[in-house]
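Q: coords please:
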Amino acid sequence: MLRKNILLILLAMILSTASVFANGGTEEMSELSRLEEIQESGKLVLATGNYIPFEFLDEETNEMVGYDIDLMRLMADKLGVELEVVDMDFTSLIPSLQAGKADVVCAAMYIKPAREEVVDFATPYMETGMVLVVPSDNETIKSTDDLTGLRVGAKMGATSEAVLQDLLDEGADFEIVSYNETVDYMLDLQTGRIDAAVNDLLNQLEFNKTIDGLKIVGEPFTSAKLGIAVKEGDAELLAFINKNLEEFSADGTMDEIYDRWIIGN
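A: Here you go, the predicted model:
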């Protein structure tokens, strides 16, 4: 009986020790910081979408390139990991972040109150605005006040669509024609399938280089700031991005990227 009791005590001690080690291992794994998790995975996953000159497919290399890609690759370098670029429709960007399928979204995304409710934005890295685009031979459309009865193109889920909807809500009378890709409604504008379009200024300057017969009317009628988004509450990654944005701005790196893709492209 004594021997049996001793064996039971030893067994209980072994199980207790094993439990301690198991719990200790779990605690050690859970103590990995957010940045360490990314470093452990070996990659920073970027969700983005086709939007020249910020992110677009290089047909020669079959890889995504552009302002945002260069910026986020520098962020990945700071972490010592690879940048994995996931190209998707604009409407899927924030959901992919919320679902944990991406670490960051950098896609020339306008910082807007509705988006700030569901994701956290880093310090803005650029300012831009929306412009009205019409065929080069059009002399009747001078501003958004002249869109009555017309078909106006915009990108689905993007700011271009939202600002047009705001105008409708304020009493304007025109039809929004939404597209998955900006290039599609620029081509439709060129061929007369729509009457006008709204697009980001910097993006439109690029399209005007490759698609003939289009012009920007007047100055931007909105102003906005672009930001990098992380999942809501991802404070450590957000702080890391902000720190590096500040450094890149101070040492001239941001100017170099701007010159490469915005000025020189």
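Q: quick one: pLDDT of residue 19?
A: Looking at residue 19, its pLDDT reads 46.
Q: with residue 9 instead?
A: Residue-level pLDDT assigned to residue 9 equals 41.
Q: one more: residue 240?
A: 98.
Q: for it, the count of nearby residues, please.
A: Close neighbours of residue 240, defined as other Cβ atoms under 10 Å, add up to 20. Where C-beta positions appear, they are placed from N, C-alpha and C, glycine not excepted.
Q: gap between it and residue 76?
A: 11 Å (Cβ to Cβ, to the nearest Å).
Q: cool, residue 54 as well?
A: 17 Å.
Q: now do residue 208
A: Per Cβ to Cβ, residue 208 is found 32 Å from residue 76.
Q: show me where the stretch 101-250 of the chain has strands.
A: Secondary structure of the stretch 101-250 of the chain (DSSP state E, counting those that start in this stretch): strands located at 104-105, 119-121, 126-128, 130-135, 151-155, 175-179, 196-200, 214-217, 224-226, 229-231.
Q: what does the strand or helix carrying residue 96 contact?
A: Assigning secondary structure by DSSP states H and E places residue 96 in helix 93-98. Helix 93-98 is touched from outside by 47-49, 86, 88, 102, 104-105, 107, 109, 115, 118-119, 229-232, with contacts defined as Cβ atoms under 8 Å, 6 or more residues apart in numbering.
Q: neighbours around the nearest residue to residue 198 once chain neighbours are set aside, how many?
A: Spatially, and ignoring its direct neighbours in sequence, residue 198 is nearest to residue 160 (4.4 Å; Cβ to Cβ, 6 or more residues apart in numbering). In terms of burial, residue 160 registers 28 neighbours under the definition other Cβ under 10 Å.
Q: likewise for residue 86?
A: 16.
Q: where does the stretch 151-265 of the chain have low pLDDT?
A: Under the criterion of pLDDT under 70, the regions of the stretch 151-265 of the chain flagged as low confidence span 265.
Q: which residue ranges of it form helices?
A: Taking DSSP state H, counting those that start in this stretch to define them, one finds helices in the stretch 151-265 of the chain at 159-169, 182-191, 201-210, 235-250, 253-258.
Q: which neighbouring elements make contact with the longest one?
A: Just to be clear, that refers to helix 235-250. Contact analysis of helix 235-250 by 3 or more Cβ pairs under 8 Å, 6 or more residues apart in numbering; DSSP states H and E lists helix 34-41, helix 67-79, strand 229-231, helix 253-258 as its packing neighbours.
Q: what residues does that helix touch?
A: Helix 235-250 is contacted by residues 33-35, 38, 71, 74-75, 78-79, 103-104, 120, 122-123, 125, 228, 230, 253-254 when judged by Cβ under 8 Å, 6+ apart.
Q: one step back: could you dump the strands of the stretch 101-250 of the chain into JSON lines with mean neighbour count and distance to residue 165 added?
A: Conversion of the strands of the stretch 101-250 of the chain to JSON lines gives the following (neighbours: other Cβ atoms under 10 Å; distance: least, Cβ to Cβ, whole Å):
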{"stretch": "strand 104-105", "mean neighbour count": "28", "distance to residue 165": "22"}
{"stretch": "strand 119-121", "mean neighbour count": "21", "distance to residue 165": "21"}
{"stretch": "strand 126-128", "mean neighbour count": "16", "distance to residue 165": "19"}
{"stretch": "strand 130-135", "mean neighbour count": "23", "distance to residue 165": "12"}
{"stretch": "strand 151-155", "mean neighbour count": "25", "distance to residue 165": "9"}
{"stretch": "strand 175-179", "mean neighbour count": "18", "distance to residue 165": "7"}
{"stretch": "strand 196-200", "mean neighbour count": "26", "distance to residue 165": "11"}
{"stretch": "strand 214-217", "mean neighbour count": "16", "distance to residue 165": "20"}
{"stretch": "strand 224-226", "mean neighbour count": "19", "distance to residue 165": "15"}
{"stretch": "strand 229-231", "mean neighbour count": "24", "distance to residue 165": "21"}
